[in-house]
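> Quick one, structure for this:
(chains A and B)
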Amino acid sequence: MAEPFLIGEAMTGGYGAADILHDCTIAVEKGQIAVIVGPNGAGKSTAMKAVFGMLSLRGGKVRLAGEDITALSPQARVARGMAFVPQNQNIFTTMTVEENLEMGAFLRRDDIRTTMAQVFDLFPILRDKRAQVAGELSGGQRQQVAVGRALMTQPQVLMLDEPTAGVSPIVMDELFDRIIEVARSGISILMVEQNARQALNIADKGYVLVQGANRFTDTGAALLADPEVRRSFLGG
Amino acid sequence: MDILNGLVTFLNFVFVPGLAYGAQLALGALGVTLVYAILRFSNFAHGDTMAFGTMATILVTWAMQSAGISFGVLPTALLALPFGIAATALFVLATDRVVYRFYRHQKAAPTIMVIVSLGVMFVMNGLTRFIIGVGEQNFSDGGRFLITAGEFKTATGLAEGLAVKTTQALTVVVAVIVVALLFWFLQKTRTGKSMRAFSDNEDLALLSGINPDRVVAVTWVLAAALATIAGVLYGLDKSFKPFTYFQLLLPIFAAAIVGGLGSPIGAIAGGFVIAFSEVTVTYAWKKVVTYLVPDSMAPDTLLQLMSTDYKFAVSFSILILVLLFMPTGLFKGKSV
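I've put the predicted structure just below:
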């Protein structure tokens, strides 16, 4: 089998002296959705940050399209086509929706209007609120701004850290639909999700992490069908 | 007629000086607030940056004057201003490279940065005194008055005169232009927007590919330019003395905090609030009141709330009141 488009392989590391990740592997194929689930404190977000270069690894490698990017800073990874939406503080609250999107495209020197139109097509509500200050929007709309900002770099991989945290179930379904749409346009998606069942539903690949290590790895559907996964992580 | 005379006296002694002083404070406070918004510390060296910039401008002005260059009715210092700004910007960028950058990379706490800026303040303070001396320097030339009190009296036939100094008018005009340019820069340009983004959410700005070194450098250049312009305008309007500029730090910080640290609009509003409070509290109202009330009620005291020697007490009191009751200031800045 060919190497996945993006892979964090056998990652070991943490923020300080103690390791949080132990030999953890996360990967996503081109245009697919990979979801990281697991109990609180399992190192889901840490695994994501490790893939994005936000913490230094003591072991393991990160490769993008076959190229070793382990040593690159997060900013350099953005330039290589990776985009990251943090869980908190993921928008510029004092700036307008349009300015948020412009800042997302900061590295680009070409015409960004088509990309902005695509983001507005994906999230029509943002077109209506383009001149509004992003901090005044609802939780779901803020998440749309956050994802929109990340899409402005025209990334090949979009990484989402709990995109549905704190939004209502209806908004969550809506966001998941949009995320599927993004994946269909050829962008690989790697996301951490608290709502494991719904997330695995849309996942091509699922990773169940426990204490910083891979416990189960399979397709989303297979994990949902696995009785042990259901009992331990999906509440029966 | 008496009411008009009273009004003219008020304009002459309170409004016009207050407006010019307010514009100077506003420009100073804008520099402080920009540094606070982007670099996240209170820059105590700002008053001495003003002094340094003014000194550089004065030196160039003297050189121009001795070379016979003048700017007609306008002060020669205006021609020298760009050179003063350039010198100050270079000095401040060098300071950042040698001093602040080290602490920034250490992710030093804001309180540490404040003390670092205090050290920079003493160095700049000493350097300025060493180069130009501690005494008072007058470098204003060109036309003295836009309207003199005498001209005003003949033109209107009033007993009281309204004098507007060229430097006062110049201060207000330059301040309006500078503020307009600054806001245009922050709101409309790519670099300006990236500075606002960096101020709003540093981590996300980094994730968006905004270059922090560039944002910091542009901020220092803007702060140096604002400080130099504010300092030169203040020096033209009054006079230049290094110690006075050091003392200006208090009203400037009061202005920035009253308006809300980190908010440019707040800095401007704060500048005028502080300036007008200072002027109205220390002005002897006797003359104005005598015009406005019947003769029998004419005051026999000066009606001065506070001697001008205590003018800093005004900024200080306002500062304390704001910190106690409204820590984020008038325009919802960051709390201190």
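> And for residue B:12, the neighbour number?
For residue B:12, the count of nearby residues is 19 (other CB atoms under 10 Å in any protein chain shown). For the C-beta atoms, the positions are set from N, CA and C on the backbone; glycine is no exception.
> where does chain A have low pLDDT?
Where chain A drops to pLDDT under 70, the residues are A:1, A:236.
> Where does it get nearest to chain B, which residue?
residue A:107 (3.7 Å; CB to the nearest CB).
> show me what contacts that residue?
A:78-79, A:153, B:208-209 (CB atoms under 8 Å, 6 or more residues apart in numbering or on different chains).
> Looking at the residues you listed, state which has the most neighbours.
Neighbour max across the contacts of residue A:107 (other CB under 10 Å) = residue B:208, 26 neighbours.
> For chain A, which residues are neighbours of chain B?
Within chain A, the residues that sit near chain B (CB under 8 Å from any CB of the partner chain) are A:74-75, A:78-79, A:84, A:86, A:89-95, A:99, A:102-104, A:106-107, A:149, A:153.
> can you tell me the residue of the stretch 201-336 of chain B closest to chain A?
residue B:209 (3.7 Å).
> ok, which stretches of chain B are strands?
Assigned by DSSP state E, chain B shows strands spanning B:145-147, B:164-165.
> quick one: contacts of the shortest one?
Read it as strand B:164-165. Residues outside strand B:164-165 that contact it (CB under 8 Å, 6+ apart) are B:16, B:20, B:144-147, B:237.
> out of those, which is most surrounded?
Going by other CB under 10 Å, residue B:20 tops the contacts of strand B:164-165 with 25 neighbours.
> Run through the residues that contact that residue.
Neighbouring residues of residue B:20 by CB under 8 Å, 6+ apart: B:165, B:167-168, B:171-172, B:233, B:237.
> got these as JSON lines, with pLDDT columns?
Formatted as JSON lines, these follow (pLDDT from 0 to 100):
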{"residue": "B:165", "pLDDT": "92"}
{"residue": "B:167", "pLDDT": "92"}
{"residue": "B:168", "pLDDT": "94"}
{"residue": "B:171", "pLDDT": "94"}
{"residue": "B:172", "pLDDT": "95"}
{"residue": "B:233", "pLDDT": "96"}
{"residue": "B:237", "pLDDT": "92"}
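> Return the entry from those residues with the maximum number of neighbours.
When the contacts of residue B:20 are compared by neighbour count (other CB under 10 Å), residue B:233 ends up highest, at 30 neighbours.
> Residue A:116 belongs to a helix, doesn't it?
Yes - under DSSP: H, G, I helix; E, B strand; the rest coil, residue A:116 falls within a helix.
> which residues of chain A fall in helices?
A:44-52, A:74-79, A:97-104, A:113-122, A:124-128, A:139-151, A:169-184, A:196-202, A:220-225, A:227-233 (DSSP state H).
> Touching, residue B:249 and residue B:42? I think so.
No - at 10.0 Å, residue B:249 and residue B:42 do not qualify as touching, with contact defined as CB atoms under 8 Å.
> Mutual contacts of those two, please.
Common neighbours of residue B:249 and residue B:42 (CB under 8 Å, 6+ apart) do not exist.
> residues touching the closest residue in space to residue B:25 that isn't next to it in sequence, list them.
Once flanking residues are discounted, residue B:25 sits nearest to residue B:271: 3.7 Å by CB to CB, 6 or more residues apart in numbering or on different chains. By CB under 8 Å, 6+ apart, residue B:271 lies in contact with B:22-29, B:252, B:255, B:259.
> Would you format those as a markdown table with distance to residue B:310, pLDDT and neighbour count included?
Formatted as a markdown table, those follow (distance: CB to CB, whole Å; pLDDT from 0 to 100; neighbours: other CB atoms under 10 Å in any protein chain shown):
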| residue | distance to residue B:310 | pLDDT | neighbour count |
| --- | --- | --- | --- |
| B:22 | 19 | 97 | 27 |
| B:23 | 23 | 97 | 28 |
| B:24 | 20 | 97 | 30 |
| B:25 | 18 | 96 | 29 |
| B:26 | 23 | 97 | 28 |
| B:27 | 25 | 97 | 31 |
| B:28 | 21 | 97 | 31 |
| B:29 | 21 | 97 | 32 |
| B:252 | 18 | 96 | 31 |
| B:255 | 18 | 95 | 32 |
| B:259 | 23 | 92 | 30 |
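> still on that earlier bit, lowest average pLDDT across the strands of chain B?
Mean pLDDT is lowest for strand B:145-147 out of these, coming in at a mean of 88.
> outside of that one, which residues touch it?
Residues from elsewhere that reach strand B:145-147, judged by CB under 8 Å, 6+ apart: B:151, B:162-166, B:168-169.
> Now intersect those residues with the helices, please.
Using DSSP H, these in helices are B:151, B:166, B:168-169.
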